[in-house]
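1. here's my sequence, what's the structure:
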Amino acid sequence: MDRRTILYRGSLKSCNYHCGYCPFSKHRCSERELEKDRTHWFRFCESLNERAETLNIRALMVVPYGEALIHPWYWEGFGALTKLDAIDAAGAQTNLSFSIVRSLEIFEHAGGVREKLRLWATFHPEMTSCGEFAEKCAALRREGILFCAGAVGVPENLEVLQRLREMLPREVYLWINAMDGLGRSYTEDEFQRFSSIDPYFYREIRPVPADESLCRSRLFVEADGTVRRCNISAASGKNWYEHPQGLFEEMPCRRKRCSCYLAYGGREDAVNHALFGPDPVFRIRMK
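-> Coordinates of the predicted model:
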């Protein structure tokens, strides 16, 4: 049986950052909405606890709309899941605004194994400085946490992103995501400068054709159990909680191209494993 990965997105749709381009910075979740997300998350964790071994699910990545890791229940869940023998890696996309010390205390109180924790850290120039972000990355390294870092490839931010690259150790992969809504192609100079930061930037601007046959070892699960092949593919009609059998079997994609890293980076492509190891979805470069 193939080694399998789950992407999970809960009902959380809020962020403590307030970047101008992001809709989730404009919504503040009520206590009721937060409790709903907490309930969804723990329900999913319990189900994964029951199924991970039999389905050979080895990795879990949380990809929230907003910032999840400022909420303690995600750290509790990661702690409970990483202590499972079946799970090799678990983590989330994050802006790194959480307290590292307090969060790791919650994680380890729940039985968490640090060696299995993975973080995808996104730098937001509107909300934090290069120095502050680089220090958070340094703190993660001191705590032995594996992570990648990166930012959206906004041409106006080139200088600050080059500065961040200089401040981070070379061992820390700094990725650049292509900017949605740029309205034009990157100039050759922009492409070269972004490529000097992220040597794999070309993969962002040359989307590969969709190929469902390369995606059968991963699933994207939403808070209500809706299942997709990945974050941008069509809903399958299956539900994680209602249809436990045959979840990884063939399902519709309906995309022409894999247009973001979560889509193309989660495929069973040899290049993904060569660059990012057995769980390339975390985007943590092989040493």
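2. can you pull out the strands in the stretch 1-150 of the chain?
-> Using DSSP state E, counting those that start in this stretch, the strands of the stretch 1-150 of the chain run over residues 4-9, 13-14, 57-62, 65-66, 89-94, 117-122, 146-152.
3. packing partners of the third one?
-> Counting contacts by 3 or more CB pairs under 8 Å, 6 or more residues apart in numbering; DSSP states H and E, the secondary-structure elements packed against strand 57-62 are strand 4-9, helix 31-55, strand 89-94, strand 117-122. For the C-beta atoms, the positions are set from N, CA and C on the backbone; glycine is no exception.
4. could I get the strands of the stretch 1-150 of the chain as JSON lines with mean pLDDT, distance to R257 and mean neighbour count?
-> JSON lines is the format used below for the strands of the stretch 1-150 of the chain (pLDDT from 0 to 100; distance: least, CB to CB, whole Å; neighbours: other CB atoms under 10 Å):
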{"stretch": "strand 4-9", "mean pLDDT": "97", "distance to R257": "18", "mean neighbour count": "22"}
{"stretch": "strand 13-14", "mean pLDDT": "86", "distance to R257": "26", "mean neighbour count": "18"}
{"stretch": "strand 57-62", "mean pLDDT": "98", "distance to R257": "21", "mean neighbour count": "24"}
{"stretch": "strand 65-66", "mean pLDDT": "91", "distance to R257": "22", "mean neighbour count": "19"}
{"stretch": "strand 89-94", "mean pLDDT": "98", "distance to R257": "22", "mean neighbour count": "24"}
{"stretch": "strand 117-122", "mean pLDDT": "98", "distance to R257": "22", "mean neighbour count": "22"}
{"stretch": "strand 146-152", "mean pLDDT": "97", "distance to R257": "19", "mean neighbour count": "20"}
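5. and of the ones you listed, who's closest to E242?
-> Closest to E242 of those, according to CB to CB: strand 4-9, at 16.5 Å.
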